[in-house]
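J.: Coordinates only, no sequence provided:
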């Protein structure tokens, strides 16, 4: 039986090379073996102070890039266009406990030292659970930082099923096969991501080739001159080797360089060539906003249709239908 996969991409920043190699490309490969559902999770961006116009722009950019990267054989839509997400989130909030929400690591980290904390920051794990359970997903590809949220989703699904009757599929967290962990080029001890890395050490999917080359050539390396893969003692060089291996499709063991400079030059060109078709496809899609809107609207309609039966079952089970 074909497994169903769900994953969401939050448009809180520009998508990066780390996002591409760690999450998007594994998602593209999954399309050949699973029923895949992907959402641009714009509602999750409301948990902190934000600019509405910037959020709209980044939502469109993220959707366009996901299509340009190859997620065009999946159900792809913008989360806020499917109202069932927020309705199911409330039903799950009515199943969750304050204590377990307050213990979520991301809430603790993001609310620390803030005078004003939005309530949605506390409750958004229920929305994340709704995203997953709404589609009866079997598998949820996540990094280590999101495993706690999937565990909460499992707890809420099991609790709801126990209290009100069997409604939800209990999902499993999985780590995507061949997912590359890409680190910041200037601080290779930190992950390259929309919110984790530095601008100077982060390669964005829409960075022009000259900017990509500049960032790679300025990447921090390590003491000594030996080029070898050793993440503990040589994190900078190891990160460059990982980038080159993934972008060139060659195993790390086959990569041989005499100098850091040669490694950087070859890595820069491999990254430029990896991003080239994505940027070209992004330009094509961006040139026809009406077509992008048609694709996203069709995705939202299809997603809404898929959720009708689940929502009827959940409403009836909890007593509001």
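T.: All right, it came through fine. Model, not experiment: these values are computed from the prediction.
J.: partner residues bridging residue 38?
T.: residue 7, residue 76 (DSSP bridges).
J.: What's the local residue count around it?
T.: Using other CB atoms under 10 Å, residue 38 is surrounded by 22 other residues. For the C-beta atoms, the positions are set from N, CA and C on the backbone; glycine is no exception.
J.: shift numbering so it begins at 153
T.: Happy to do that; since the first residue is 153 now, the last one works out to residue 190.
J.: Is it in contact with residue 180, as I believe?
T.: No: counting by CB atoms under 8 Å, residue 190 does not reach residue 180; the two are 10.1 Å apart.
J.: Now for those two: what residues contact both?
T.: Common contacts of residue 190 and residue 180 (CB atoms under 8 Å, 6 or more residues apart in numbering): residue 223.
J.: for stretch 445-452, what is the average pLDDT?
T.: Taken as a whole, stretch 445-452 has a mean pLDDT of 96.
J.: So what touches that stretch?
T.: Residues outside stretch 445-452 that contact it (CB under 8 Å, 6+ apart): 215, 219, 227-230, 233-234.
J.: pLDDT below threshold where in the stretch 203-352 of the chain?
T.: 329-330, 346-350 (pLDDT under 70).
J.: can you give me the strands for it?
T.: Taking DSSP state E, counting those that start in this stretch to define them, one finds strands in the stretch 203-352 of the chain at 227-230, 291-293, 324-326.
J.: returning to what we had before: make JSON lines from the contacts of stretch 445-452 and add distance to residue 262 and neighbour count to it.
T.: Putting the contacts of stretch 445-452 into JSON lines (distance: CB to CB, whole Å; neighbours: other CB atoms under 10 Å) gives the following:
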{"residue": "215", "distance to residue 262": "25", "neighbour count": "26"}
{"residue": "219", "distance to residue 262": "30", "neighbour count": "20"}
{"residue": "227", "distance to residue 262": "29", "neighbour count": "19"}
{"residue": "228", "distance to residue 262": "27", "neighbour count": "23"}
{"residue": "229", "distance to residue 262": "26", "neighbour count": "23"}
{"residue": "230", "distance to residue 262": "23", "neighbour count": "21"}
{"residue": "233", "distance to residue 262": "26", "neighbour count": "17"}
{"residue": "234", "distance to residue 262": "25", "neighbour count": "23"}
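J.: Let me see the ranges of the helices in the stretch 153-302 of the chain.
T.: 169-171, 177-182, 204-221, 236-245, 250-254, 257-263, 271-286, 299-316 (DSSP state H, counting those that start in this stretch).
J.: quick one: buried residues of the fifth one?
T.: Neighbour-count burial for helix 250-254, counted by 16 or more other CB atoms under 10 Å, picks out residue 253.
J.: outside of that helix, which residues touch it?
T.: Applying CB under 8 Å, 6+ apart, the contact partners of helix 250-254 are 259, 274-275, 277-278, 304, 307.
J.: for residue 455, what are its contacts?
T.: Shown in contact with residue 455 (CB under 8 Å, 6+ apart): 189, 191, 227, 229, 233-234, 287.
J.: Residue 355 too?
T.: 168-169, 337, 344, 364, 367-368, 423, 427.
J.: pLDDT score for residue 376?
T.: pLDDT, read off for residue 376, is 81.
J.: Specify the beta-bridge partners of the closest residue to it other than its chain neighbours.
T.: Nearest residue to residue 376, sequence neighbours excluded (CB to CB, 6 or more residues apart in numbering): residue 386, at 7.6 Å. Note on residue 386: beta-bridge partners by DSSP bridges are residue 382.
J.: Now do the contacts for residue 386.
T.: Contacts of residue 386 were listed using CB under 8 Å, 6+ apart, and they are 373-374, 376, 378, 380.
J.: Let's see that with 10 Å instead.
T.: Going by CB atoms under 10 Å, 6 or more residues apart in numbering, residue 386 touches 340, 373-376, 378-380, 392-393.
J.: Among the residues you listed, which are located in helices?
T.: Counting by DSSP state H, the contacts of residue 386 place 392-393 in helices.
J.: Mind checking which of the contacts of residue 386 are buried?
T.: Buried subset of the contacts of residue 386 (neighbour count, 16+ other CB under 10 Å): 340, 373-374, 379, 392-393.
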